[in-house]
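Peer 1: take this sequence and fold it.
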Amino acid sequence: MYICFAEYKIKQENREAYLKEVDKLRLQEAELVHVYEGTDQPSLYVEVWDCKDEAHALRVKEERLSGRSPWFALSSWIEGGPAKLHVWTFKPVASSLT
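Peer 2: Presented below is the predicted three-dimensional model:
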């Protein structure tokens, strides 16, 4: 399994509106995405998108960064705007200890 990981900081004055919108968006994704808030840095959020393979993760990344994604609307609440939305793809690490 791969993941697509998005990270950004939401402006404090938009936190409540952001949380309401994330709840709505997550319902549409059928548990494909988990959203976390930083404990050391309030209003710092990460999205972890579960993807079946690398191609799927790259599609999620492309969509998440595009203006056509419903999630892109959150970008107006990001400190620094869409340029401060960081998205990466991660793959599993093969263990040589087995």
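
Peer 1: rest of the way, CA atoms for contacts and neighbours
Peer 2: Will do.

Peer 1: can you give the contact residues for the helix or strand containing residue 64?
Peer 2: Using DSSP states H and E, residue 64 maps to helix 54-65. By CA atoms under 8 Å, 6 or more residues apart in numbering, the residues outside helix 54-65 that reach it are 2-4, 49-51, 69, 71-72, 85, 87-89, 91.

Peer 1: could you give the average pLDDT over the following helix or strand past that helix?
Peer 2: On the C-terminal side of helix 54-65, the nearest following helix or strand under DSSP H and E is strand 86-90. Strand 86-90 shows a mean pLDDT of 96.

Peer 1: who does strand 86-90 touch, helix- and strand-wise?
Peer 2: strand 2-9, helix 54-65 (3 or more CA pairs under 8 Å, 6 or more residues apart in numbering; DSSP states H and E).

Peer 1: let's see 10 Å
Peer 2: strand 2-9, strand 44-51, helix 54-65 (3 or more CA pairs under 10 Å, 6 or more residues apart in numbering; DSSP states H and E).

Peer 1: closest to residue 76 out of these?
Peer 2: Among the helices and strands packed on strand 86-90, strand 2-9 comes nearest to residue 76, with 11.1 Å by CA to CA.
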